[in-house]
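> I would like to see how this sequence folds:
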Amino acid sequence: MEHIIKTKYRYIFEEELLEEIIKVSTIKDFKEGERLMEIGEYIKKIPLLLAGAIKIIREDQKEGEIVLYYIEQGDTCAMTLTCCLGETKSQVRSIAERDGSVILVPVSKMDEWLVKYKSWRNFVLNSYNNRMNELLSAVDSLAFMNMEERLCKLLQDKAKVYNSRFINNTHQELAEELNTSRVVISRILKTLENKGIIQLNRKYIELLKSQ
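Model prediction:
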């Protein structure tokens, strides 16, 4: 574990903080589709993503759910940090988008490291800033984009997360993430294919170009 943590975070945290992280943390492996955090849970560990990708979802019992943003390698979840500082229950759900692993840091270290380590303060502030920008993008998507534009953005986000133009999600899975029906998504995908933006295949969608 020591080698993995130092390799991934040596340019982000000072040596003393890395030693503390190694001393108090554990590493958890996860599989695609695994639920890592549930709505209503108290957060006891701060996640630092080593590998893979995690999607953060907001849910409404009547209206369904929507993906707020993705966490990638080297990131943490700003929502989790907020819950840790306020000792409140989680308002979001996290689900593994890709197989990976995460460092779990005890919540008790949050305040201590904010005072003790400049690199930790910068990491937390940058995480808030990055997630806020992504949340604003999600709000803009809902408020100002039509479904075709939202679907294009989702496909582009997934291509970035997977570092690949090949997207393996089914039409139903894309529909659930956008809180719409499979029929609507299938129709829009066909339109995008006719425009030369994507190529539909039996088991995957190939993103050919951005709009």
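> I'd like to know how far the residue nearest to Asn179 when sequence neighbours are not counted sits from Thr180.
Residue nearest to Asn179 in three dimensions, not counting chain neighbours: Gly64, with 4.3 Å by Cβ to Cβ, 6 or more residues apart in numbering. Every C-beta, even on glycine, is put in place using the N, C-alpha and C of the backbone. Distance, Gly64 to Thr180, using Cβ to Cβ, to the nearest Å: 9 Å.
> Which helix or strand contains Met79?
Taking DSSP states H and E as the criterion, Met79 maps to helix 78-86.
> what's the next secondary structure element after that helix?
Following helix 78-86 in sequence order, the next helix or strand is strand 93-106 (DSSP H and E).
> helices or strands next to that following strand in the packing?
Strand 93-106 makes packing contacts with helix 15-24, strand 26-30, strand 35-37, strand 45-60, strand 64-71, helix 147-162 when contacts are defined by 3 or more Cβ pairs under 8 Å, 6 or more residues apart in numbering; DSSP states H and E.
> Switch the ones you listed over to a markdown table; also include mean neighbour count and distance to Ser90.
Shown next, in a markdown table, are the helices and strands packed on strand 93-106 (neighbours: other Cβ atoms under 10 Å; distance: least, Cβ to Cβ, whole Å):
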| stretch | mean neighbour count | distance to Ser90 |
| --- | --- | --- |
| helix 15-24 | 14 | 22 |
| strand 26-30 | 14 | 17 |
| strand 35-37 | 16 | 6 |
| strand 45-60 | 20 | 10 |
| strand 64-71 | 20 | 12 |
| helix 147-162 | 18 | 21 |
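> The closest residue to Glu2 other than its chain neighbours and Cys77: what is the separation?
Spatial nearest neighbour of Glu2, excluding adjacent residues (Cβ to Cβ, 6+ apart): Ile22 at 5.0 Å. In this view, Ile22 and Cys77 are 21 Å apart by Cβ to Cβ.
> Could you do Arg10 as well?
Distance, Arg10 to Cys77, by Cβ to Cβ: 22 Å.
> got it, and Thr191?
Taken as Cβ to Cβ, the span from Thr191 to Cys77 is 34 Å.
> before we move on, back to that, determine which member of Arg10 and Cys77 has the greater number of neighbouring residues.
Between Arg10 and Cys77, counted using other Cβ atoms under 10 Å, the more crowded position is Cys77 (27 against 11).
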